[in-house]
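Student: need a 3D model of the sequence below.
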Amino acid sequence: MDRTITSGTFSLDGGTWDVDNNVWVVGDDTECVVVDAPHDARAILELVGGRRVLAVLLTHAHDDHVDAARELADAVDAPVHLHPDDRMLWDAVHADTGPDADLADGQQLSVAGTTLTVLHTPGHSPGSCCFLLPEQGVVFTGDTLFAGGPGATGRSWSSFETIIDSITGRLLTLPPETVVHTGHGDSTTIGAEAPHRQEWIDRGH
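Tutor: Numbering: from 1, shown residues only. Okay, here's the model as predicted:
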C-alpha cells in the first residue's frame, strides 16, 4: 500500500479550516483501489501511476475527503463508492452528480488478490466507514479513529456517543496488533488506542 498527503480546506457549519489529508492506495503493480480523494486529483494520479483503479472508496463525505473524487474517478474510469447515509454531505460538494455505488456494512471488495471488508462506523458522520484488510492486519479508519482518539463529533450530523459505540464494537475488537491508517496524521495500532477508551469518554462528556 502507498500513501500521499494532500493539502486543502475543510468547510462545514460556516467554518473553514486548513487540513492535510492522507490518501491510501491499496493494490499491486497492476491494479488498486484508492481510499479517499481529497483536494488534488493530480497528486493521487501520480501515486496510482499506470495501475488500473478498480474503485475510489470514500470513508465519508466531508468535503476534504471527496472534493477531488469525481475528477479522479473520471480520469481513471473507476466508480466512486460511498455509504448512502452520507449522501447529503456528498450533495453539498457534488450537486450535479452522485456517487456510483453504495457501500454497505460487511461488503467485501477484492483487489490484487486480497479482500477489503467494509465496516460501517457512524459517529463522525452517519455514513462513515472503515476498510479492513485482515490478511495484512490493517484497517483504514478515515476520521473515525486517530492516533490519540476518536474523530471530531462537534459538527452537524455527528454524535460522540455513536462514534464511541462504533469504535468499541467494530474497531477495538480487532487484534491489538492491527495497524490503523487514518485520514489525517500518523498511523497507530488498535493496541495503542484501546487502553484509552475510558479517557475518551470522560473527555467527551
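
Student: can you point me to the longest strand in the protein?
Tutor: Identified as the longest strand of the chain according to DSSP state E is strand 15-27.

Student: distance between that strand and the chain's centre?
Tutor: Strand 15-27 sits 9 Å away from the centroid of its parent chain (Cα atoms, centre = their mean, to the nearest Å).

Student: list the helices and strands that strand packs on?
Tutor: strand 2-12, strand 31-35, helix 41-48, helix 63-66, strand 179-182 (3 or more Cβ pairs under 8 Å, 6 or more residues apart in numbering; DSSP states H and E). C-betas here are computed from N, CA, C, even on glycine.

Student: highest mean neighbour count out of the ones you listed?
Tutor: helix 63-66 (a mean of 26; mean count of other Cβ atoms under 10 Å).

Student: which other helices and strands contact that helix?
Tutor: strand 2-12, strand 15-27, helix 87-93.

Student: now the last one: buried residues?
Tutor: Judged by neighbour count (16 or more other Cβ atoms under 10 Å), helix 87-93 contains these buried residues: 87, 89-90, 93.

Student: please apply the same query to stretch 133-147.
Tutor: Those would be 133, 138-146, for stretch 133-147 by 16+ other Cβ under 10 Å.

Student: give me the subset of those that lies in helices.
Tutor: Among these, DSSP state H puts none in helices.

Student: which of these lies closest to residue 18?
Tutor: Nearest to residue 18 among the buried residues of stretch 133-147 is residue 143, at 15.7 Å by Cβ to Cβ.

Student: wait, the closest one sits on residue 62?
Tutor: Yes: applying Cβ atoms under 8 Å, one finds residue 143 in contact with residue 62, separated by 7.2 Å.

Student: list residues touching both of the two?
Tutor: Common contacts of residue 143 and residue 62 (Cβ atoms under 8 Å, 6 or more residues apart in numbering): residue 125.

Student: mind listing what residue 174 touches?
Tutor: Residue 174 touches 132, 139, 190, counting by Cβ under 8 Å, 6+ apart.
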